[in-house]
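S.K.: below are the sequence and a predicted model for it; my questions follow.
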Amino acid sequence: MLRQGVRSICRRLYSTEAATPRYHITRTDASHSLPVYLDIKNGGTRQLTIIRRVQGDAQALKEEVASLFPDATKNFVTVNPINNHVVIKGSYVNDIKHWLAQKGF
């Protein structure tokens with residue numbers, strides 16, 4: 001018999017929404033790693049985590065990333081509409097890479 005938590009995870013993994021995401025993140029060519037980078041500005045006082053190579057609906061990715069930080073302010077996660085980069089205030093490179101790897105990217 002499966003535990004309740006395992007059932008809910010299985011349901012989420014095999015739902016129709018998970019099968020057809022509205023966005024895709026392509027890996028880098030040379031090292032085949034996830035395109036999540038740290039950008040340091042203002043002499044090291046401002047750190048930004050940037051998710052690059054987003055194809056499709058970057059707003060959907062922004063909403064999912066924002067749901068990971070429920071206590072954050074309104075503009076904690078933004079989308080650059082020119083190049084489709086998702087920008088997060090703070091240094092969360094390893095956390096975001098781990099989260100994206102769990103999602104199958």
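M.R.: Yes, it's here.

S.K.: quick one, helices of this protein?
M.R.: For the chain, applying DSSP state H gives helices covering 4-13, 16-19, 58-67, 93-103.

S.K.: contacts only, for Ala58.
M.R.: Residues in contact with Ala58 (Cβ atoms under 8 Å, 6 or more residues apart in numbering) are Tyr23, Val79, Asn84, His85, Val86. Glycine gets a C-beta too; all of them are placed from N, C-alpha and C.

S.K.: so which of these is the most crowded?
M.R.: Of all the contacts of Ala58, the highest neighbour tally under other Cβ atoms under 10 Å goes to Val86, namely 24 neighbours.

S.K.: below-threshold pLDDT in this protein: ranges please.
M.R.: 1-20 (pLDDT under 70).

S.K.: make it 80
M.R.: 1-21 (pLDDT under 80).

S.K.: re the thing from before, pick out the most distant pair among the contacts of Ala58.
M.R.: Taking Cβ to Cβ as the measure, the contacts of Ala58 span a maximum distance of 12.3 Å, between Tyr23 and His85.
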